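Participant: the following block contains a protein sequence and its predicted model.
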Amino acid sequence: MNEGLDGNRFIRISPGGHLRPLFAEAGPSSGKAGAAIAEAAPLVAKVLEAFTRSEAEGLFELAAHSAGNAGVAGKAGAAGKTIGEAGPVAELSYWRDFAAAFLTERCRSPATEARLDALPELDEEKARAAVENAPPMEGAEYLDAGLLQRLWADLDGWLRARALEAGGLQAFLGSRAPGWHQVGRVCFHLAENKKDPDYPFAFLATYAPGLAAAGGVRYQPLARALKEYAAESDRASLIRLLSPVSKAAEGSGLVRELLDSGDIYQSLAWTAEEAYAFLREIPLF
């Protein structure tokens, strides 16, 4: 049944297998529905307007706005259901999760400013599971693995084109989806350790595999990521994981020492002199 905007449905799947914002049919400021969207969920209106330009842009906006806040679906359901519950915003949560899965894969794949290879197609098993677990939505009868595969490829093509225009993936994400900027990257952390006057600083290398449920970047120790990929015999991911560290070691003697000794996989207590040496070499890596 078509609940329309008055029933707080936002996206439908057309008989031709395309995602369409319902307000495009009723008008973004049509009656109570348009007013409710504009007042209670401005992010939802922005996302739906992106869908009027292209499915790929709409999906990207959904994932982009899920970082660093309660998420578009959470905003839409502030007066009703929450994210994850069966309810009027379930389809927004569903498509947000689909787009976030894509962005996670995109961020974890090798990229340079000049080159961004196409991602492999969506895993068939994951595509079937996504179809089976889809919530009630307008046009759900048109949802199948083929549609998800096509959306995945279209989203990748759209993002690669935007990244090329922006001068690279990181530049594009930094301007349009800053919450995703660190995903897929190795990060060096230096923190104060006030409890130990002899070693007042602590160092830890981490990897950011994706976003946390609350929206922020999820970090895990580099050693843990290494073990997980090794256990899965995922050589490609291991290479992606260690490549930036190896590259940093080419310019930084300190990083080379940490890598050769294996200390980079541990939490380290540092003296002020060691911390200062690290800070001085930041431009090198």
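Facilitator: Nice, thanks for sending it over. Numbering: from 1, shown residues only.
Participant: how about the helices in the stretch 101-250 of the chain?
Facilitator: Using DSSP state H, counting those that start in this stretch, the helices of the stretch 101-250 of the chain run over residues 124-132, 145-166, 169-176, 222-231, 235-251.
Participant: a markdown table for those helices, including distance to residue 48, mean pLDDT and mean neighbour count?
Facilitator: Bear in mind the C-beta positions are built from the backbone N, C-alpha and C, glycine included. Shown next, in a markdown table, are these (distance: least, Cβ to Cβ, whole Å; pLDDT from 0 to 100; neighbours: other Cβ atoms under 10 Å):
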| stretch | distance to residue 48 | mean pLDDT | mean neighbour count |
| --- | --- | --- | --- |
| helix 124-132 | 21 | 94 | 13 |
| helix 145-166 | 16 | 95 | 17 |
| helix 169-176 | 17 | 89 | 18 |
| helix 222-231 | 37 | 83 | 16 |
| helix 235-251 | 35 | 83 | 15 |
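Participant: with distance to residue 266 added, can I get those helices in JSON lines?
Facilitator: Shown next, in JSON lines, are those (distance: least, Cβ to Cβ, whole Å):
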{"stretch": "helix 124-132", "distance to residue 266": "34"}
{"stretch": "helix 145-166", "distance to residue 266": "35"}
{"stretch": "helix 169-176", "distance to residue 266": "28"}
{"stretch": "helix 222-231", "distance to residue 266": "7"}
{"stretch": "helix 235-251", "distance to residue 266": "14"}
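Participant: burial measure for residue 191, as a count.
Facilitator: 12 (other Cβ atoms under 10 Å).
Participant: what's the answer for the one 4 residues further on, then?
Facilitator: Neighbouring residues of residue 195 were enumerated by other Cβ under 10 Å; the total is 7.
Participant: ok, now which ones touch it?
Facilitator: Residue 195 makes contact with no residue, according to Cβ atoms under 8 Å, 6 or more residues apart in numbering.
Participant: let me know the pLDDT of it.
Facilitator: Looking at residue 195, its pLDDT stands at 91.
Participant: residue 175 versus that one, what's the distance?
Facilitator: 40 Å (Cβ to Cβ, to the nearest Å).
Participant: dump the residue contacts of residue 183.
Facilitator: When contacts are counted by Cβ under 8 Å, 6+ apart, residue 183 is found next to 103-104, 107-108, 208-211, 217.
Participant: just the closest of the residues you listed to residue 158, please.
Facilitator: residue 103 (11.9 Å; Cβ to Cβ).
Participant: I'd like to know how many residues surround the nearest residue to residue 18 once chain neighbours are set aside.
Facilitator: Once flanking residues are discounted, residue 18 sits nearest to residue 55: 6.3 Å by Cβ to Cβ, 6 or more residues apart in numbering. Neighbours of residue 55 under the rule other Cβ under 10 Å: 20.
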